[in-house]
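Kindly return the folded structure for what I paste below:
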Amino acid sequence: MRRFELAMPGSVDECVQILKQRGTGAKVLAGGTDLVPQMKNAVVKPACVVDLSGVAALRQVQREDGRALRIGAAVTARALERDEHVRAVYPALAESAALVGSVQIRNLATVGGNLCNAAPSADMAPPLVALDAEAVIAGPGGQRRVPLAEFFTGVRRTVLAPDELLVELRVPAPGPRSGGHYLRHTPRRELDIAVVGVASQLTLANGVCAKARIALAAVAPTPVRATGRRARPRGPAPHARGHRARRRPGRRGRAPHQRSARLRRLPAPPGPRADPPHPDHRAGPRRSLTWGPRHGPQAPHVRHAPAEPWRASGMPESTWGPRHGPQAPHVRHAPAKPWRAYGMPESTWGPRHGPSPRLRPGPAQPWRASGTRGERGAGHGPSVHCYRRDMTPCASWC
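Below you'll find the predicted structure:
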């Protein structure tokens, strides 16, 4: 990590002044869960880092009676996850905050950092977009408000100028009989980036769905709102009294898994009944002698083959080796001890001769096979190098 200058302002105005002086060379640090890894990997190389830990006004969650919820930019995801009012009135926002990394990450990660990082898979962006939240931005010319749906301009790009700072988020009250939910799909169950995230917000009135908003993440360069679904005519409430969902006849009325599970049955060919295509070991005239551990109803793609091929070929048990068994049906027939098959006497067996079928038979002690008589040295044995004890070569024994 390159050296940088650290600035710790005590107010929003002081932070804006530092950003105005440093320009594009300054980066804002709230929790550091995104900025610090980027600096370690040399993705960004700031000359100045502005630490917001000393600005207490950015870490507050305030409620305006019946109007809106004000969330500071430096409020952590763990604080939103555990806030009772957020969980009761804004459940989609609390659910998205609970999915940001692990507990250790959520104690540091902030809602402002999750939005200003502008990743397409940001979890807290879709619920705020569905709730029609606004971003309050402070700059040298004062404060301005931007709808969060217009806050993102691309991958890791926002409407923030180099001398501007995200101060807070204003989330309007959803009203009575309103609710929301956030779901995401990830390759793993935990600690993974969303492949797709969906946030929904519904409002009921007089037994019908009066307002519906859906926001999507990780499907475009920026979080988007599903305007096509939102523009459809509103109908009865899903759980209204007297409302009963009707199932359409035909294939369109069925669920996708029901449509894929229904297969067309082909007519049986004429003639005697053959074995069923499913290789169930209980069906057909097959004997239990040919069953193996890989054959059974759990492996329908395995064809029937004798699990013990040496039995089917009539090989004697004396030629069976450790590699021959039901766990290795692909092993060809070969004697496990080739020296037995070739009739080698036991006096010529050596430590290298064993159940390995790839070794050719040969005397393990060549001096025995040559019939030499004399003093045996330490170097005589299965090794091909023969020397006397005085390290002089022995030409007669080899």
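
quick one, strands of this protein?
Secondary structure of the chain by DSSP state E: the strands cover 5-7, 26-29, 48-51, 61-64, 68-72, 134-139, 142-147, 152-154, 157-158, 165-172, 178-185, 196-205, 208-217, 224-225.

Can you check which of these gets nearest to residue 99?
Each of those has some distance to residue 99 by C-beta to C-beta; the shortest is strand 178-185, at 6.5 Å. Glycine gets a C-beta too; all of them are placed from N, C-alpha and C.

tell me which residues of the closest one are tucked away?
By neighbour count on 16 or more other C-beta atoms under 10 Å, the buried set for strand 178-185 is 178, 180, 182, 184.

out of those, which one sits closest to residue 82?
In terms of C-beta to C-beta, no member of these lies closer to residue 82 than residue 182, at 16.3 Å.

okay but residue 32 is in contact with residue 108, surely?
Yes. Between residue 32 and residue 108 there is a contact at 6.5 Å, judged by C-beta atoms under 8 Å.

Could you pull out the buried residues of stretch 26-41?
Those would be 26-35, 38-39, for stretch 26-41 by 16+ other C-beta under 10 Å.

which residues are in contact with it?
Contacts with stretch 26-41, where a contact means C-beta atoms under 8 Å, 6 or more residues apart in numbering, come from 1-2, 4, 7, 15, 18-19, 44-52, 58, 73-74, 76, 101, 105, 108-110, 112-114, 116-117, 162, 165.

which of those are buried?
7, 15, 18-19, 46, 48-50, 52, 58, 73-74, 76, 101, 108-110, 112-114, 116-117, 165.

Show only the entries of the residues you listed found in helices.
15, 18-19, 112-114, 116 (DSSP state H).

For my notes, please list the strands of the chain in TSV and give distance to residue 90 for each entry.
Below are those laid out as TSV (distance: least, C-beta to C-beta, whole Å):
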stretch	distance to residue 90
strand 5-7	33
strand 26-29	25
strand 48-51	29
strand 61-64	11
strand 68-72	7
strand 134-139	14
strand 142-147	17
strand 152-154	20
strand 157-158	22
strand 165-172	7
strand 178-185	7
strand 196-205	9
strand 208-217	13
strand 224-225	17
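
Greatest separation within the ones in helices among the buried ones among the contacts of stretch 26-41: which pair is it?
18 and 114, at 22.5 Å, using C-beta to C-beta across those.

Send me stretch 22-41 as CSV with only the CA atoms.
What follows is stretch 22-41 as a C-alpha-only set of coordinates in CSV (Å, rounded to 0.1, in the frame of the first residue of the first chain):
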residue,chain,number,x,y,z
ARG,A,22,-7.6,17.9,-2.6
GLY,A,23,-9.9,17.3,-5.6
THR,A,24,-9.7,13.9,-7.2
GLY,A,25,-6.7,12.8,-5.1
ALA,A,26,-8.9,12.4,-2.0
LYS,A,27,-11.0,9.4,-1.0
VAL,A,28,-13.6,9.3,1.8
LEU,A,29,-13.2,6.5,4.4
ALA,A,30,-16.3,5.5,6.4
GLY,A,31,-16.0,1.8,7.3
GLY,A,32,-13.1,0.9,4.9
THR,A,33,-14.5,-2.5,3.9
ASP,A,34,-14.4,-1.5,0.2
LEU,A,35,-11.7,1.2,0.1
VAL,A,36,-9.0,-0.6,2.1
PRO,A,37,-9.0,-3.8,-0.1
GLN,A,38,-8.9,-1.5,-3.2
MET,A,39,-5.9,0.4,-1.9
LYS,A,40,-4.1,-2.9,-1.0
ASN,A,41,-4.7,-4.2,-4.5
